[in-house]
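Asker: Need the 3D shape of this:
(chains A and B, ligands or ions: 3)
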Amino acid sequence: MMGRTIFIDPGRCIGCQACVSACRECDSHRGKSMIHLDYTDEGRSVASLPTVCMHCEDPVAPCAEVCPADAILVTADGVVQQADTTRCIGCANCVNACPFGVPKIDLQAKLQLKCNLCYDRTAYGLAPMCATVCPTGALFYGTLEELQAERPGVQVADSFVFGESEVRTGVAMVVPADRVQWPVPGGLPVVEINGKDVRR
Amino acid sequence: MTADPRAADRRTYLPLDPSLAPPGTRGFRDAGGIPADQWHADQNGETLVPTHCCFCGVQCGMYLRVDRGGKVFGVEPRNHDINRMRLCPKGINAYQQVNHPDRLTAPLMRRSRDEDFREVSWDEALDFTVSEITRIQQAHGNDAFGLLGGASLFSEKTYLVGKFARVALKSRHVDYNGRLCMVSAAGANKLAFGIDRAGNPFSDILLTDCLLIAGSNVGECFPVMTQYVWGARDRGASLIVIDPRETAIARTADIHVALKPGTDSAFFNAVLNVIIEEGLTDETYLAAHATGWAEVKATVAAYPPSRAAGICGVPAEQIVQVARAFARAPRAMAWHARGIEHHSQGVENCLSVINLCTATGHIGKPGAGYGTITGQGNGQGGREHGQKADLLPGGRSIMNEEHRRQICEIWGIEESELPPAGTSMMEMVWQMQRREIRGLIGICNNPFVSLPNYKVVKAGYDATEFHAQFDFFLSETAANAHVVFPVTTWAEDDGVMANAEARVVKHNKAQDPPPGVRTDTWVMCELAKRLGAGDKFAFADSREVFDELRIASAGTVNDYYGITYERLEETGGIVWPCPSTDHPGTPRLFEDGKTYHPDGKIHMQVVEWHPPMDPYDDEHPMALTTGRTVAHFLSGNQTRRLGALVEQTPRPWAEIHPSHGFRNGEPVRVVTRRGSEVFPALVTEAIRPDTVFIPYHWPVPTAANALTIDALDPRSKIPEYKVCACRIEHAEKIDEVPAPPVAPGHIAYPETQVSRTDPLPPTAPQGRGTSERS
Ligand code: SF4
Ligand code: SF4
Ligand code: SF4
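Answerer: Ligands and ions are numbered 1, 2, ... in the order given. Below you'll find the predicted structure:
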């Protein structure tokens, strides 16, 4: 995507969960938050990290790719939408496919729910709720140029490696300038399954 | 999208044309101040009313979303100068209290504490209150009845609290809960500069080269201020954080000084000692603008880093590093908050920071200066207009004959009728225990949770013959009263507040109060009428009170005369002093090098460190310190009812270092000389091994303030919340916290959700709150 998009800068996050509360207020899923806030080093540090839908694009998002009902649609500007309620069968394939742990299933309604980049707002030129309120700019909405103008020297990554697959995303992550790696490792290699060493 | 054939199978939505955006509300979502007559509904009947957050001293701008029926139903970020759309979770959820099912909607009354409350008419509640006031005052004198206000009230109402106590009750006993907030900083600023407010606006933080934050968990207590801190970092400013805990801000600081609670002034004296030793003082500035430098210099000579390191429990090299970073920076700023102010030496701590700024000449320039961060929304404005025991409107002293005469003239009373200074909030509670004060009205405060040493507070309130409380929820304190008056929230009335920069902002009424609810102004005026002072309280609304307040402040240091409702609606707020209606306000103080003392100089004060009031011994070897969490506000009376905030941080915890051998979530008993309570342990390396931290937003049986000491700073009378001696023990089980109600607007849903990454429901607090599980 990399037009106007969300940039995530975990170094700035203060763990306040304003993004989580704001996501609940967004008109497209009022009352439900689609953001995770992870505490990455509990017991040692207060460091925290927000995860929104990364709006993957390689060539379609993993969630959309595995959806048997073709319910997850992608807009021309690269926004991976929440499942279309007229198509979604609530099978949770997307939940299992997403490398970032984003989609949820509403068990009662048997429908998928996920971040759709506040399409009700971004389509009208407003920033998504989470990035609008984030007090620290850990979630920033705009273009890469706008981000770099505000934060000189900032480096971002939009490719993540999970095992052997690489996923390119529409939402980008700020990475330490002195340690830019392309792509950014997104997950640990699988070493053991049921006690067996599966490394080749 | 790519040309991949699988992608082409997907139906794609057409991008929407922004010009198709609905007119009305969306059109001005990005705008700043909108005059009241221009608010209008969009095609869905939704109106956005520009106002500010009701909580902390940042005073973020926000819109309240009002439906076609005139009810507040949501919030929308607002591009106000202060916060530029940012909000913290408290601000986002604040609107949910407006139409909360727990709102009090009829006066509650009982004749004795053994009875249950019954709903009564306004007349019955007011008449009973007035008969009790009269009875107590006739039997025991006017001073036997006291009034305690609040710093969450609009300035108009705080002005009325002061006037009501002195003119209608004719009692000297009036004080307010800002006494628990920033009075130490106020006292220090007054002594040093002759003016009681921060010297610089938040925007100056963006210009600084070195930012020193002392005793302030900015990330959790003033989250929206973080954008200024990070903005300074983006420009390359260095960050120094003084805090016993590694908070979110401290985590990324260049220098994090994790000093032992209660040792701040020893630390700052040592920093000044190094600055002098290394020849980094600004002698030209000192010679031209300061008095008392020689004495200060002589005192800090006794605080070499080697000595301070021992007192503070930090490496001496860190003291040297801080001194060099602060003094060598072309522009440096110091911001502090309750961490250094909530002490029996709170005023001295603040003075030691001021000495640092003065000695290095970092005062009164863009990017250089000092500031205190107000905890309560109107902590700054709340004391400017006479709600504090020793102050009259305009920050005048009640001890000063000339000031007394001026105010009596405005109020139309004889000087002999104006009572002398009263005592502070905690002292009033002691007087209640001794039955010197026998009746009390509390307005929007909750001392049962917010004052230290709960047992003493409860005994004090229980000893009163009559107690009335104004609130919109039945707080722990209101539940002890004889009469509870249901009053409006911030969204149901107009009024101004002054934020931590002393910027006066206007809150606008977004909805009518529920039937049965009245404004605090109305209640005070009705009581005054029944007490025979009706002619002095003939105010129809906030604007009339504000206009009297403006006149009452004219010509003082806290000059509001030039600030009008109209000007506030047109601007992003005006910073006092503002003496005339064409004056732009004064965001930055001392630009001309002059302070508000008659000689125009900064009066540097000698500061000697002394140990905290609660001594350590073998039984109580550790330091207990208290503070806030991002999801809750002060006594929690408001935020403990809002579902999202409760879910974020459902209960308090005791934060301890891993060296004590506790597992995360295990029950830990914290024992002080006042009592003991059990909390789940939050085991983290982000705290000193000799320190325990407990957030204080909850009532007994998990109230931090059942454990803290009611020792006061002798000058500011602020309680020593931030340090007392304690020990920790293993315990059997954690005391139950009553389940809080959940607000409308929030749908609890975790059980209906699955996600691959959902952690199990937390059994103990994780991180600073609970991990988000939705
Ligand atoms: S709002 Fe911003 S700072 Fe707060 S938790 Fe979310 S990402 Fe972090
Ligand atoms: S992050 Fe997950 S939900 Fe979002 S587009 Fe990628 S796969 Fe889909
Ligand atoms: S509590 Fe303070 S920081 Fe949070 S939204 Fe309200 S005014 Fe802003």
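Asker: Any stretches of the chain with poor pLDDT?
Answerer: Just going to use chain A. A:1-2, A:177-195, A:197-200 (pLDDT under 70).
Asker: looking at chain B here, not the other one
Answerer: Applying pLDDT under 70 to chain B flags residues B:1-39, B:43, B:735-774.
Asker: can you pull the contacts of whichever residue of it sits closest to ligand 1?
Answerer: For chain B, the residue closest to ligand 1 is B:Pro223, as judged by Cβ to the nearest ligand atom, at 6.9 Å. Backbone N, C-alpha and C define where each C-beta goes, glycine included. For B:Pro223, the contact set (Cβ atoms under 8 Å, 6 or more residues apart in numbering or on different chains) comprises A:Ile14, A:Cys16, A:Ala18, A:Pro135, A:Thr136, B:Arg86, B:Cys88, B:Val630.
Asker: Run a quick neighbour tally on the residue lying closest to it once chain neighbours are set aside.
Answerer: Of all residues not flanking B:Pro223 in the chain, B:Cys88 sits nearest, at 3.8 Å (Cβ to Cβ, 6 or more residues apart in numbering or on different chains). By the criterion of other Cβ atoms under 10 Å in any protein chain shown, B:Cys88 has 33 neighbours.
Asker: which two in the contacts of B:Pro223 are spaced the farthest apart?
Answerer: Comparing all pairs in the contacts of B:Pro223 by Cβ to Cβ, the longest separation belongs to B:Arg86 and B:Val630, at 13.3 Å.
Asker: mind listing what residue 150 touches?
Answerer: Using chain A. Contacts of A:Glu150 by Cβ under 8 Å, 6+ apart are A:Gly137, A:Phe140, B:Asp234.
Asker: that's the other chain; I wanted chain B
Answerer: B:Gly150 neighbours (Cβ under 8 Å, 6+ apart): B:Thr158, B:Tyr176, B:Asn177, B:Gly178, B:Gln376, B:Gly382, B:Ile443, B:Cys444, B:Asn445.
Asker: picking up where we left off before, please produce CSV containing the contacts of A:Glu150, extended by distance to ligand 1, secondary structure and neighbour count.
Answerer: What follows is these, written out as CSV (distance: Cβ to the nearest ligand atom, whole Å; DSSP: H, G, I helix; E, B strand; the rest coil; neighbours: other Cβ atoms under 10 Å in any protein chain shown):
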residue, distance to ligand 1, secondary structure, neighbour count
A:Gly137, 8, coil, 22
A:Phe140, 9, strand, 22
B:Asp234, 15, helix, 16
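Asker: if I've got this straight, B:Pro587 is in a helix?
Answerer: No - under DSSP: H, G, I helix; E, B strand; the rest coil, B:Pro587 sits outside any helix and is assigned coil.
Asker: Check whether it really touches B:Thr571, as I assumed.
Answerer: No - using Cβ atoms under 8 Å, B:Pro587 makes no contact with B:Thr571, being 11.7 Å away.
Asker: Could you tell me how many residues sit around the closest residue to B:Pro486 other than its chain neighbours?
Answerer: Among residues not flanking B:Pro486 along the chain, B:Leu104 sits closest, at 3.6 Å (Cβ to Cβ, 6+ apart). Residues within reach of B:Leu104, counting by other Cβ under 10 Å, total 22.
Asker: count of neighbours near whatever residue of the stretch 101-250 of chain B ends up closest to ligand 3?
Answerer: Residue of the stretch 101-250 of chain B nearest ligand 3, by Cβ to the nearest ligand atom: B:Val224 (3.8 Å). B:Val224 has 27 neighbouring residues, counting by other Cβ under 10 Å.
Asker: Ok, the one 4 residues further on next?
Answerer: Residues contacting B:Tyr228 under the criterion other Cβ under 10 Å number 24.
Asker: can you pull the contacts of B:Arg118?
Answerer: B:Arg118 neighbours (Cβ under 8 Å, 6+ apart): B:Leu108, B:Met109, B:Arg110.
Asker: And for chain A, the residue most distant from the center?
Answerer: Computed with Cα atoms, centre = their mean, the maximum C-alpha offset from the centroid of chain A is found at A:Lys196, amounting to 31.9 Å.
Asker: hang on, the earlier thing: just the contacts of B:Gly150: which are in helices?
Answerer: Within those, residues falling in helices by DSSP state H are B:Thr158.
Asker: which one of the contacts of B:Gly150 is nearest B:Val347?
Answerer: Relative to B:Val347, the closest of these is B:Gly178; by Cβ to Cβ it sits at 14.9 Å.
Asker: if I read this right, the residue nearest to B:Pro486 contacts B:Phe470, doesn't it?
Answerer: No - the criterion here is Cβ under 8 Å, and B:Leu104 misses it with B:Phe470 at 9.8 Å.
Asker: Mind listing the shared neighbours of these two?
Answerer: Joint contacts of B:Leu104 and B:Phe470 (Cβ under 8 Å, 6+ apart) are B:Val484.
Asker: that older thread, correct me, but the residue nearest to B:Pro223 touches B:Met225?
Answerer: No - using Cβ under 8 Å, B:Cys88 is not in contact with B:Met225, being 9.7 Å away.
Asker: Which ones among the contacts of B:Arg118 lie within strands?
Answerer: With strands taken from DSSP state E, the overlap with these comprises B:Leu108, B:Met109.
Asker: With distance to ligand 2 added, can I get the contacts of B:Arg118 in CSV?
Answerer: Formatted as CSV, the contacts of B:Arg118 follow (distance: Cβ to the nearest ligand atom, whole Å):
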residue, distance to ligand 2
B:Leu108, 50
B:Met109, 56
B:Arg110, 56
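Asker: What is the burial count for B:Asn79?
Answerer: Neighbour tally, B:Asn79, other Cβ under 10 Å: 17.
Asker: where does the residue of the stretch 101-250 of chain B closest to ligand 3 sit relative to A:Gly137, distance-wise?
Answerer: 11 Å (Cβ to Cβ, to the nearest Å).
Asker: Count the residues that sit near residue 164.
Answerer: Using chain A. Around A:Glu164 sit 6 other residues, with neighbours defined as other Cβ under 10 Å.
Asker: that's the other chain; I wanted chain B
Answerer: Neighbours of B:Phe164 using other Cβ under 10 Å come to 27.
Asker: Repeat that for the one 3 residues further on.
Answerer: Close neighbours of B:Val167, defined as other Cβ under 10 Å, add up to 22.
Asker: partners of the biggest strand by length in chain B in the sheet?
Answerer: Longest strand of chain B, by residue count under DSSP E: strand B:675-683. Applying DSSP bridges to the sheet, strand B:675-683 is found paired with strand B:654-656 (parallel), strand B:667-672 (antiparallel).
Asker: looking at those, which is buried most?
Answerer: Of all the strands paired with strand B:675-683, strand B:654-656 has the most neighbours on average by mean count of other Cβ atoms under 10 Å in any protein chain shown, namely a mean of 25.
Asker: Other residues contacting that strand?
Answerer: With Cβ under 8 Å, 6+ apart as the test, strand B:654-656 has contacts from B:245, B:662, B:668, B:670, B:679-684, B:686-687, B:692-694, B:728.
Asker: was I right about B:Tyr63 contacting B:Val75?
Answerer: Yes - with contacts counted by Cβ under 8 Å, B:Tyr63 reaches B:Val75, the gap being 6.9 Å.
Asker: Which residue ranges of chain A form strands?
Answerer: A:5-8, A:36-39, A:48-51, A:104-106, A:111-113, A:139-142, A:155-162, A:165-175, A:184-185, A:192-193, A:196-197.
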